[in-house]
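>>> Sequence and predicted structure below; questions after.
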Amino acid sequence: MSEAAKPENERRKFRAIKGTRDILPPDSALWNWFEKTARSVMESYNFGEIRTPIFEETELFARSIGGETDIVAKEMFSFEDRASGRLAELKDIIVLRTSKSSAGLRAFIAEAAEFIELATESSRRRDIPSVDEEKIDALRSNVAALEKASHQQLVDHEFVRMLSNAIRAVVYITALGTFTTLRPEATASVVRAYIEHGMHTRPGDQKLYYVGPMFRRERPQKGRYRQFCQIGAEVLGASDAPAIDAELIQMLTDLLERCQIEKYTLLINSIGCPDTPERKGCRPKYVELLRAKLREPEIFSKLGADSQRRVETNPLRVMDSKLPEEQGIIEKLPKISEHLCADCREHYEELKKELKLREVPFTESPRLVRGLDYYMRTTFEITSPILGAQNALCGGGRYDGLVEMLGGPKGIKGIGFALGEDRFIDAIVEAKKIHAARTVDVFIAWMGERAYPTAVRLAHVLRGEKHTVELPPEEMKFRKALERADKMGARYVLIIGEDEIASDMLTIKRLADGKQEKISEEALVDFFRPPVPTKEGPGS
RNA sequence: GUGAGCGUAGCUCAGCUGGUAGAGCAUCGGUCUGUGGCACCGAGGGUCGCGGGUUCAAAUCCCGUCGCUCACCCCA
């Protein structure tokens, strides 16, 4: 078959889906270094890793993050995790069937009837989420209309097409399984797992960290992807001591230091508490105060369209508007720090003391509010000036009510942060202090059939010593082998040719300065001990 | 969802007062069958994002569309 005759789909070029990307070597080495470093810092604070699924019931995120937030309302990757079996099979058949013949139409009617019957029954048995009665009734009457249709009507394509489409449409949107979502963040999953496994019965506060991909259907831009990697940590337990908050933040500044990122700002704020039986509810009171202020005509009229909308939907967010012309107005708005209840104010003051005790420099920002519903009291964010518009390296805060809200035990408090790994990597690259790269320790240049078995054997020996060894799969000319070793950035070349086999001595050449020496096979392992210095460490 | 900028080889780009493609780097081979980084020579690699229009003729002009990037929204 000639190239031109190939069907279109065979020549189609696939590419990574919008907002996703491939991390290739050598860049991936920096990611690995960073993850290793983050793990090491968090483990030094006695956090343990938790691994949760990357998809959960949609309801979990809707409840925790807040149904009104953009994340839940329009940015989640959700799908119906449908039941298998006859019902699901029918759904596919009905939705996809194109029936022109009368036999096809009769089959379609029979399938639709069976679908109605099975769906109603399964719904009653609670095998599937309850099916909407109205939908089923609509289906039933449409199917009945088709069944009762006169011969005249059945040859009327328009009539049949309309009814069939109506049936297909209803079947298509009928949920037969659980609505499932690719996680847009991990706190909800961690809290779910904490509750599910009764972790509150474990001794002390649970200090957990996670590393992994998150998914949000946003428009991609610098530092923002649809699949992005977050590293985060949560502390769950009975205590809400400000020292917990401070230590969590200190852990982050430790990590920044290890990554040699010097240009950053730590912003902190308290956003008060919600109105619950145990709490004073200083936030809702403040929100109303703020809203009232923003509604004043002389202020409202100066706000942009987005901020005007926020006055009703989420007045707090007016505070972090980026519009230059609104900055003057925002400066004069009442600050939440001046309207905290006594408990929240004390908690906030203690947090600041604890940070000072740890010598963590911070900036208070009355304008720092959080986007997710579950936050209360402490909020913080670390921004970097080198990242562009998406300048938040990490952010977090306290969420004392979340465990209970998701059905867990009463009185469990929580605080956590998440950092955007993609952005951290950008910041590390920008800071230019750390360069991680993979290197080849030993390149084995073998020449001739007689040398090959020795090369294979020694490659295995050296790999057993944890060295990175490149063994060419095919014989290469000597010059070529050296050139290849050089381009790979190999540190040493182990030369095994006719001369070496004849004399029973190996040749080792150091590429940096070209020095080489003869060595016996027995001495080879010792030559490379202690192990060649770290392959993926910070360089300078 | 909104707006702006940009799509030519694996990468960076030239060619754009219309005449059906070029450079550098990279890759592979050779000069060079036991000594790399250099040099020289050569090769492969592109339906100029895709579709339509104008024209004798379109990478070039016009329209549409898709993609990428950045910003807004929102958020890590």
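Right, received. Where do you want to start? On a predicted model such as this, the values are computed, not experimentally measured, just so you know.
>>> So if we follow the domain assignment, how does chain A break up?
As recorded under automatic domain parsing, the domains making up chain A are A:27-73+A:183-280+A:341-431, A:83-176, A:282-334, A:442-527.
>>> Out of these, the one nearest residue A:17 is which?
Of all these, it is domain A:27-73+A:183-280+A:341-431 that lies closest to residue A:17, at 7.4 Å by CB to CB. The way it works is simple: take the backbone N, C-alpha and C, and place the C-beta from them, glycine included.
>>> Give me the mean pLDDT for that closest one.
In this model, domain A:27-73+A:183-280+A:341-431 carries a mean pLDDT of 93.
>>> what about that domain, start to end distance?
End-to-end distance for domain A:27-73+A:183-280+A:341-431: 15 Å, by CA to CA, to the nearest Å.
>>> follow-up on the earlier one: tell me which of the domains of chain A is the most buried.
Looking across these with neighbours counted as mean count of other CB atoms under 10 Å, the highest average goes to domain A:27-73+A:183-280+A:341-431: a mean of 19.
>>> got the residues of the stretch 351-500 of chain A near RNA strand B?
Proximity of the stretch 351-500 of chain A to RNA strand B, by CB under 7 Å from any atom of the strand, involves residues A:370-372, A:381, A:388-390, A:392-395, A:418-420, A:422-423, A:447, A:477-480, A:482-483, A:485-487, A:495, A:497-500.
>>> Now do the strands in the stretch 401-540 of chain A.
Counting by DSSP state E, counting those that start in this stretch, residue ranges of the strands within the stretch 401-540 of chain A are A:413-420, A:442-446, A:469-470, A:492-496, A:506-510, A:516-519.
>>> An error on my part: the question was meant for the stretch 201-350 of chain A.
Counting by DSSP E, counting those that start in this stretch, the segments of the stretch 201-350 of chain A that form strands are A:206-215, A:227-237, A:265-270.
>>> Would you tell me which of these gets closest to residue A:77?
With distances scored as CB to CB, the stretch of the strands of the stretch 201-350 of chain A nearest to residue A:77 is strand A:206-215 (4.9 Å).
>>> that older thread, with distance to residue A:509 added, can I get the strands of the stretch 201-350 of chain A in JSON lines?
JSON lines is the format used below for the strands of the stretch 201-350 of chain A (distance: least, CB to CB, whole Å):
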{"stretch": "strand A:206-215", "distance to residue A:509": "40"}
{"stretch": "strand A:227-237", "distance to residue A:509": "40"}
{"stretch": "strand A:265-270", "distance to residue A:509": "50"}
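>>> I'd like to know which of these lies nearest to RNA strand B.
Each of the strands of the stretch 201-350 of chain A was checked against RNA strand B via CB to the nearest atom of the strand, and the shortest separation belongs to strand A:227-237, namely 3.9 Å.
>>> centre of the chain versus the closest one, how much separation?
Shown here is strand A:227-237, whose average C-alpha point lies 9 Å from the average C-alpha point of the whole chain (CA atoms, centre = their mean, to the nearest Å).
>>> can it be found next to RNA strand B?
Yes: where contact is defined by CB under 7 Å from any atom of the strand, part of strand A:227-237 touches RNA strand B, namely A:228, A:230.
>>> Which strands or helices does that strand pack on?
Counting contacts by 3 or more CB pairs under 8 Å, 6 or more residues apart in numbering; DSSP states H and E, the secondary-structure elements packed against strand A:227-237 are helix A:27-44, helix A:187-196, strand A:206-215, helix A:242-258, strand A:413-420, helix A:421-431.
>>> Can you tell me what sits against the next helix or strand along the chain from the longest one?
So that's helix A:27-44. Sequence-wise, the next helix or strand beyond helix A:27-44 is strand A:48-49, with elements assigned using DSSP states H and E. With CB atoms under 8 Å, 6 or more residues apart in numbering as the test, strand A:48-49 has contacts from A:39, A:207-211.
>>> for these, which one is nearest residue A:140?
Of all the contacts of strand A:48-49, the one with the least separation from residue A:140 (CB to CB) is residue A:210, at 47.4 Å.
>>> Need the pLDDT of the closest residue in space to residue A:472 that isn't next to it in sequence.
Using CB to CB, 6 or more residues apart in numbering and skipping residues adjacent in sequence, the residue nearest residue A:472 is residue A:481, 6.6 Å away. For residue A:481, the pLDDT comes out at 94.
>>> Now for residue A:81: which residues touch it?
Applying CB under 8 Å, 6+ apart, one finds that residue A:81 lies in contact with A:177-180.
>>> and residue A:329, how far is that from RNA strand B?
With distances taken as CB to the nearest atom of the strand, to the nearest Å, residue A:329 is found 14 Å from RNA strand B.
>>> Tell me what the most centrally placed residue in chain A is bridged to.
Central residue check for chain A by CA atoms, centre = their mean: the C-alpha nearest the mean position is that of residue A:214, 1.9 Å away. Beta-bridge partners recorded for residue A:214 (DSSP bridges): residue A:228.
>>> any idea how far residue A:62 is from it?
Residue A:214 sits 16 Å away from residue A:62 when distances are taken as CB to CB, to the nearest Å.
>>> contact partners of whichever helix in chain A runs longest?
Using DSSP state H, we find that the single longest helix of chain A is helix A:102-124. Helix A:102-124 is touched from outside by A:83, A:86-87, A:90-91, A:93-94, A:97-99, A:128-131, A:136, A:139-140, A:142-143, A:146-147, A:154, A:160, A:164, A:167, A:171, A:174, A:176, with contacts defined as CB under 8 Å, 6+ apart.
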